[in-house]
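Chemist: quick check, what structure comes out for this input:
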Amino acid sequence: MNKEKIIEEMFEKGILVSEDLLEKEVDHDFVGHLKEEKDLLVLNQDYAEILNKQTSLVDWYEIDKMKVDAEKDRDDDLYQNQLQHFKKINITLQDSSLVQEHSSLEVELKGNTNSSEINIFPSSFSSDQTISSSLQGSIFEAPPSIISNIDFPLTIIVSYENKPHKYEIKDFTNIFFTRYRFLEKILRNRQELLETLTTISRILTKKEKETVSFIGIVESISETKNHNIIFTLEDPTGKISVLVSKNNPDLFTEAKEIVEDEVIGISGICGDKIVFADKIIWPDVPPNNELKKGPEEIYAIFLSDVHVGSKMFLREEFERFIHWIRGESGNNAQKEAASKVKYIFIAGDLVDGVGIYPSQEEELEIKDIHDQYKEFCRLIKNIPSDKKIIISPGNHDVVHLAEPQPPFYKEYSPDLFQMSNVTLVTNPAIVNIANTNNFSGFDVLMYHGYSFDYYINNVEPIRNAGGYHRADLVMKFLLKRRHLAPSFASTPYFPAHSEDPLLIKRIPDFFISGHIHYSKVANYRGITMISGSCWQGKTSFQEKMGHEPEPARVPLVNLKTREVKVLKFI
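Modeler: As a prediction, the model looks like this:
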């Protein structure tokens with residue numbers, strides 16, 4: 001069919017045709033497939049591929065929403081991945097010979113839509129409730145006794161695949177270039193920059209005392225002899241110095257948070273090859289004071305830093321947690337809460353590892369890494385199988401330290417790969433949970449937090465406001481920069497990705513971390529930030545570093561109300 005005929009026939013059906021479809025050959029039979037499609041408004045090549053493979057009506061609303069969400073987050077890779085997933089599932093379900101084999105996919109898509117209004121937290125159930133139990137027979141041998149037939153959906157949105165090759169300088173420069181381009185797009189939409197936004201090369205030609213704004217990546221930071229802050233910003237066109245005066249106390253305080261390699265916007269007044277800043281703008285997440293809430297009263301819990309294998313591993317406390325999650329201890333409200341837990345996140349450091357810090361061997365109860373993972377798996381196998389366990393690695397786990405870290409190696413932890421209710425993801429990763437036909441679910445950003453040490457030690461406002469006791473300040477710091485490790489020195493990178501893999505491109509509902517062994521819960525612009533606790537007492541290394549762990553705490557989140565309770569098992 002010629003292009004004019006296609007456009008004419010589609011117009012009669014109330015459908016607009018995109019240019020990319022017209023570049024392909026389209027036969028008349030394909031056009032006939034559209035006669036019953038009521039909700040299709042725009043036909044492009046992606047939609048045409050779906051129509052060619054479908055035998056029933058398509059939910060165009062769902063596909064359009066995927067496209068809108070991806071465009072809003074400027075993430076075409078996400079859209080293409082979701083589209084391929086949609087094609088695969090729908091084709092499978094349409095094929096009558098395969099419906100029985102893949103029936104679980106339909107359950108995953110629909111989830112469970114029953115909701116409950118029962119309040120499981122009476123006044124006697126405090127936010128820091130201590131749960132104790134008898135530990136007779138604390139070595140679990142019997143298989144989990146609590147098994148549910150209800151399946152709750154879980155979708156991996158982002159989990160990386162590292163493909164090693166011979167690295168070149170361009171692999172590292174690409175990290176900075178793609179980072180700059182993504183964050184520049186966000187900053188270009190900021191009202192504070194729009195009117196006078198220009199490039200550094202043009203600023204260098206402007207007259208003094210002219211108002212300008214620009215976007216750049218921080219190359220270096222220092223202090224003048226008069227104790228003002230001066231830093232160098234770079235964009236693809238050049239470099240320029242920016243000065244923040246101590247006589248502007250509010251801006252000066254903000255400037256103390258600037259770190260090398262982050263991308264920021266600056267508004268100020270031109271000088272001679274310098275800009276005197278009057279405003280600093282970060283990419284940040286959009287303002288949103290409302291917490292997304294789910295339709296069902298189900299729960300998620302967040303753990304990290306179990307450190308099995310260490311002599312300081314708190315076995316008794318962890319087994320107390322296992323007793324509770326099995327519904328074998330606690331008061332009635334606590335047992336009911338345990339029964340409604342459907343998602344368990346573990347953000348890294350499952351084991352203590354070997355050779356992680358000097359003289360570690362002296363503090364190991366289990367000295368073989370295979371045996372450490374074997375013991376960890378023996379413990380979590382006792383968690384009831386109706387609860388989905390999502391696990392990412394940390395710096396003590398046996399994977400390479402460079403981020404993104406892969407989702408464990410089967411040769412060291414084979415039992416992890418054999419548990420049907422365990423999902424392994426990279427560090428970092430994004431997982432969507434609890435979605436239904438009428439609810440998009442919650443996006444959970446998992447990051448172990450190896451970069452946190454750098455910002456606690458190098459960002460004065462964080463260090464002075466509590467340091468290791470204030471993981472929420474570090475997490476807010478990273479969300480403002482839309483990056484998990486904005487300073488290149490803060491964490492080792494795996495360079496072989498087409499784009500900086502530590503960008504926060506998709507705005508999460510939950511941001512969870514671990515690493516610093518201190519539990520903290522806070523909200524920032526509609527995002528619940530949760531730092532997991534730990535299951536290890538203070539090590540000699542932590543004592544030398546001045547760390548004060550807060551072990552055996554478990555943040556418990558009601559996904560219907562977004563209320564968070566911290567349970568203590570110590």
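
Chemist: what about the residue nearest to Ile274 when sequence neighbours are not counted, which SS state?
Modeler: Spatially, and ignoring its direct neighbours in sequence, Ile274 is nearest to Ser241 (4.6 Å; CB to CB, 6 or more residues apart in numbering). (Glycine included, C-beta is placed from N, CA and C.) Under DSSP: H, G, I helix; E, B strand; the rest coil, the three-state class of Ser241 is strand.

Chemist: mind checking pLDDT for Ser241?
Modeler: Per-residue confidence (pLDDT) for Ser241: 97.

Chemist: residue contacts, it?
Modeler: Ile230, Phe231, Thr232, Leu233, Lys273, Ile274, Val275 (CB atoms under 8 Å, 6 or more residues apart in numbering).

Chemist: and the helix or strand containing Gly265, what's buried?
Modeler: Using DSSP states H and E, Gly265 sits in strand 263-270. Across strand 263-270, burial judged by 16 or more other CB atoms under 10 Å covers Val263, Ile264, Gly265, Ile266, Ser267, Gly268, Cys270.

Chemist: how about stretch 11-20?
Modeler: Quick answer for stretch 11-20 (16+ other CB under 10 Å): Ile15, Val17.

Chemist: what do you get for stretch 176-187?
Modeler: By 16+ other CB under 10 Å, the buried positions in stretch 176-187 come out as Thr178, Arg179, Tyr180, Phe182, Leu183, Glu184, Ile186, Leu187.

Chemist: inside helices: which ones of the residues you listed?
Modeler: If you go by DSSP state H, these have Thr178, Arg179, Tyr180, Phe182, Leu183, Glu184, Ile186, Leu187 in helices.

Chemist: which one of those residues is nearest to Leu473?
Modeler: Leu183 (20.9 Å; CB to CB).

Chemist: how near is the closest one to Lys279?
Modeler: Taking CB to CB, to the nearest Å as the measure, Leu183 falls 17 Å from Lys279.

Chemist: how about Ile462?
Modeler: Distance from Ile462 to Lys279, by CB to CB: 22 Å.

Chemist: who has more neighbours, these two?
Modeler: Higher neighbour count among Ile462 and Lys279: Ile462, with 22 against 14, using other CB atoms under 10 Å.

Chemist: is that one in a helix, a strand, or coil?
Modeler: Ile462 is classified as helix under three-state DSSP.

Chemist: the nearest residue to it once chain neighbours are set aside: what secondary structure?
Modeler: Nearest non-adjacent residue to Ile462, counting by CB to CB, 6+ apart: Leu473, 4.8 Å away. With three-state DSSP as the basis, Leu473 sits in helix.

Chemist: which residues of the stretch 201-350 of the chain fall in helices?
Modeler: Using DSSP state H, counting those that start in this stretch, the helices of the stretch 201-350 of the chain run over 249-255, 315-325, 332-339.

Chemist: got a list of what the spatially closest residue to Phe172 that is not a sequence neighbour touches?
Modeler: Of all residues not flanking Phe172 in the chain, Pro495 sits nearest, at 5.4 Å (CB to CB, 6+ apart). Contact analysis of Pro495 by CB under 8 Å, 6+ apart lists Tyr167, Asp171, Phe172, Asn174, Ile175.

Chemist: do you know how far Lys273 is from Lys279?
Modeler: If you measure Lys273 against Lys279 using CB to CB, the figure is 20 Å.

Chemist: please apply the same query to Thr155.
Modeler: Taking CB to CB, one finds Thr155 at 40 Å from Lys279.

Chemist: list the neighbouring strands of whichever strand or helix holds Ile389 plus their orientation.
Modeler: For Ile389, the element it lies in under DSSP H and E is strand 388-392. Under the criterion DSSP bridges, strand 388-392 sits next to strand 341-347 (parallel), strand 422-424 (parallel) in its sheet.

Chemist: for Phe510, find the nearest of those.
Modeler: strand 341-347 (8.5 Å).

Chemist: in this structure Asn288 contacts Asn523, no?
Modeler: No: judged on CB atoms under 8 Å, Asn288 makes no contact with Asn523 at a distance of 10.1 Å.

Chemist: who's more crowded, those two?
Modeler: Shown here are Asn288 and Asn523; by other CB under 10 Å, Asn523 has more neighbours (15 against 12).

Chemist: now do the contacts for the more buried one.
Modeler: Asn523 makes contacts with Leu291, Met529, as judged by CB under 8 Å, 6+ apart.

Chemist: confidence score at it?
Modeler: Reading off the model, Asn523 has pLDDT 95.

Chemist: pull up the pairing partners for the strand or helix carrying it, direction included.
Modeler: When elements are defined using DSSP H and E, Asn523 is found to belong to strand 520-524. With DSSP bridges as the test, strand 520-524 is paired with strand 527-531 (antiparallel).

Chemist: same question for the strand it pairs with, mean pLDDT?
Modeler: pLDDT averaged over strand 527-531 gives 97.

Chemist: with stretch 271-286 instead?
Modeler: 95.

Chemist: got it, and stretch 182-196?
Modeler: 92.

Chemist: try stretch 494-509
Modeler: On average, stretch 494-509 scores 94.

Chemist: need the distance between the two termini of it.
Modeler: 26 Å (CA to CA, to the nearest Å).

Chemist: same question, stretch 188-201
Modeler: 17 Å.

Chemist: again, but for stretch 497-512
Modeler: Stretch 497-512 stretches 24 Å from its first residue to its last (CA to CA).

Chemist: which parts of it are buried?
Modeler: 497, 499-512.

Chemist: of the residues you listed, which belong to strands?
Modeler: Phe510, Phe511, Ile512 (DSSP state E).

Chemist: can you redo those as TSV with distance to Val308?
Modeler: Below are those laid out as TSV (distance: CB to CB, whole Å):
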residue	distance to Val308
Phe510	25
Phe511	25
Ile512	20
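
Chemist: check the secondary structure at Asn395 for me.
Modeler: When the rule is three-state DSSP, Asn395 gets the label coil.

Chemist: tell me the contacts of the residue nearest to it when sequence neighbours are not counted?
Modeler: Spatial nearest neighbour of Asn395, excluding adjacent residues (CB to CB, 6+ apart): Tyr450 at 5.0 Å. Neighbour list for Tyr450: Gly394, Asn395, Leu401, Glu403, Ala485, Thr491, His515 [criterion: CB under 8 Å, 6+ apart].

Chemist: with the residues you listed in mind, which one is nearest to Val341?
Modeler: The closest of these, once distances to Val341 are taken by CB to CB, is Gly394, at 22.1 Å.
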